[in-house]
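K.L.:
Kindly return the folded structure for what I paste below:
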Amino acid sequence: MIIPKLGLYIHIPFCIRKCPYCDFFSEKISSKEIVDKYVEALIHELSLYSELTSNRLVETIYIGGGTPTLFSPKKIDQILNAVNKFFTISADAEISMEANPGTVSSDDIRNYREIGINRLSIGIQSLNDKFLKILHRIHTRKEAIKVAETVSKYYDNFNLDLMHSLPGQTYADAINDLKELISLNPRHISWYQLTIEEGTAYAESIPSLPDEDVIDSIYIEGYDLLKSSGYHHYEVSAFAQKEYQCKHNVNYWTFGDYLGAGAGAHSKLTINNKIRRQSRIENTCTYINNLLENQPQEIYLSNEIIPEQNIPFEYFLNRLRLFTPLSINEYENYTGLSFNNIRYLFEKYSEDNLVTIEKDKITITEKGQLFINQMLEDFL
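P.N.:
Numbering: from 1, shown residues only. Prediction:
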């Protein structure tokens, strides 16, 4: 069993308001004081992990949310200074941060770059004001385009998020949205279908969505459009120009290790040939109080070693999202388990044309990409 690459995820769980489709943990930002206290608690949490990871190189950093751009460049710089103090960071580390057009100025974009952020991920979601209102986004089409154009001046590497199959959206609406997004020439595009998630406002009052035939047509045309525009479809909803895959997310999907910090953050760490998963409480005030009162053990919602029988499911839950060939050696090295115990499943998938097997490489077919969830059920 090898020790995989290590990434660091930092969660900023504040938003101006909750989007009706969002099921990620976030809270409405209430005051400057809570921002200061949260940063103080976050830095204290980071300090606790320096010994745990002292011999490991952090190769990627991802600041996600919530809306991290509600924190000024000065506050983000304070966090990054702590990261550099407590961890050994790769000289060429990918340092990403999520940004929302309605919360970031041109000066902010430049200043984030100057403090070390080298990849921005912009949550645009639509370039049509009608659908931005339906999604309750706080920005307009004009603001989104301006932010994307400004980001392109300071960042060689940036991602734009776009959703499709929105309430009332036609095939033409969705494809026009995608064409406009591509014209902004991001290095990376996250293009995904709106889904109704439990616990969201949309789940309580389900909007009228396009029918399946329209959604299928959007997918087919969208994939062709992205491919012809130079974007490689390397993950379920991720498309990248050559050499611009998101390194942090690829580490997730290849069962790499990641250390999470912040309220609601998750970790997966390999220690002494055991794989541990952790999740932190989804309440910022409780998180802050427990850390500032020196009760760090109280920030965890769960903190447990994955039982060996659950590891194949955990591994493939991530790895089957990635469309690059899977090495049998990779599976054995990252899990410490023999592939022979599950070989019969992949032989069955091969017979059903869901995967191809060549020497020690397994590749998911186009048909297989449509049946990932069904394959995962076999590992439960």
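K.L.:
Which residue lies nearest the spatial centre of the protein?
P.N.:
For the chain, the residue nearest the mean C-alpha position is Asn249 (6.0 Å; CA atoms, centre = their mean).
K.L.:
quick one, what contacts that one?
P.N.:
Remark: with contacts taken as CB atoms under 8 Å, 6 or more residues apart in numbering, Asn249 is in contact with Tyr62, Glu235, Ala238. No exception for glycine: its C-beta is placed from N, CA and C like everyone else's.
K.L.:
can you pick the most crowded of those residues?
P.N.:
Tyr62 (25 neighbours; other CB atoms under 10 Å).
K.L.:
Can you show me the helices along the stretch 101-250 of the chain?
P.N.:
Taking DSSP state H, counting those that start in this stretch, the helices of the stretch 101-250 of the chain run over residues 106-114, 129-134, 141-154, 171-183, 201-204, 212-228, 247-253.
K.L.:
would CSV of these with distance to Pro296 and mean pLDDT be doable?
P.N.:
Converted to CSV, those look like this (distance: least, CB to CB, whole Å; pLDDT from 0 to 100):
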stretch, distance to Pro296, mean pLDDT
helix 106-114, 29, 98
helix 129-134, 40, 98
helix 141-154, 36, 98
helix 171-183, 42, 98
helix 201-204, 33, 95
helix 212-228, 44, 97
helix 247-253, 24, 97
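K.L.:
now for the ones you listed, which one comes closest to Glu314?
P.N.:
If you check each of the helices of the stretch 101-250 of the chain against Glu314 by CB to CB, helix 247-253 wins as the nearest, at 11.7 Å.
K.L.:
Pull the closest one out as PDB, backbone CA atoms only.
P.N.:
Provided in PDB are the C-alpha atoms of helix 247-253 (Å, rounded to 0.1, in the frame of the first residue of the first chain):
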ATOM      1  CA  LYS A 247      -5.200  18.600 -10.200                       C
ATOM      2  CA  HIS A 248      -7.000  18.900  -6.800                       C
ATOM      3  CA  ASN A 249     -10.200  17.100  -8.000                       C
ATOM      4  CA  VAL A 250      -8.200  14.500 -10.000                       C
ATOM      5  CA  ASN A 251      -6.500  13.600  -6.700                       C
ATOM      6  CA  TYR A 252     -10.000  13.100  -5.100                       C
ATOM      7  CA  TRP A 253     -11.100  10.900  -8.000                       C
END
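K.L.:
Spell out which residues make up each domain of the protein.
P.N.:
6-252, 324-377 (automatic domain parsing).
K.L.:
Can you give the distance from the first one to the centre of its chain?
P.N.:
It stands for domain 6-252. Distance, stretch centre to chain centre, for domain 6-252: 8 Å (CA atoms, centre = their mean, to the nearest Å).
K.L.:
The lowest-mean-pLDDT helix or strand in the chain: which residues count as buried?
P.N.:
Every helix and strand in the chain was compared by mean pLDDT, DSSP states H and E; the lowest is helix 366-369, with a mean of 88. Buried residues in helix 366-369, defined by neighbour count with 16 or more other CB atoms under 10 Å: Gly368.
K.L.:
do the same with stretch 299-312
P.N.:
Those would be Ile299, Ile306, Ile311, Pro312, for stretch 299-312 by 16+ other CB under 10 Å.
K.L.:
Return the distance of the first one relative to Ser121.
P.N.:
This points to Ile299. Distance, Ile299 to Ser121, using CB to CB, to the nearest Å: 26 Å.
K.L.:
same thing with the third one?
P.N.:
Here Ile311 is placed at a distance of 30 Å from Ser121 (CB to CB).
K.L.:
one step back: highest mean neighbour count out of the helices of the stretch 101-250 of the chain?
P.N.:
helix 247-253 (a mean of 22; mean count of other CB atoms under 10 Å).
K.L.:
right, and the helix or strand after that one?
P.N.:
Where DSSP states H and E defines the elements, the next helix or strand beyond helix 247-253 is strand 257-261.
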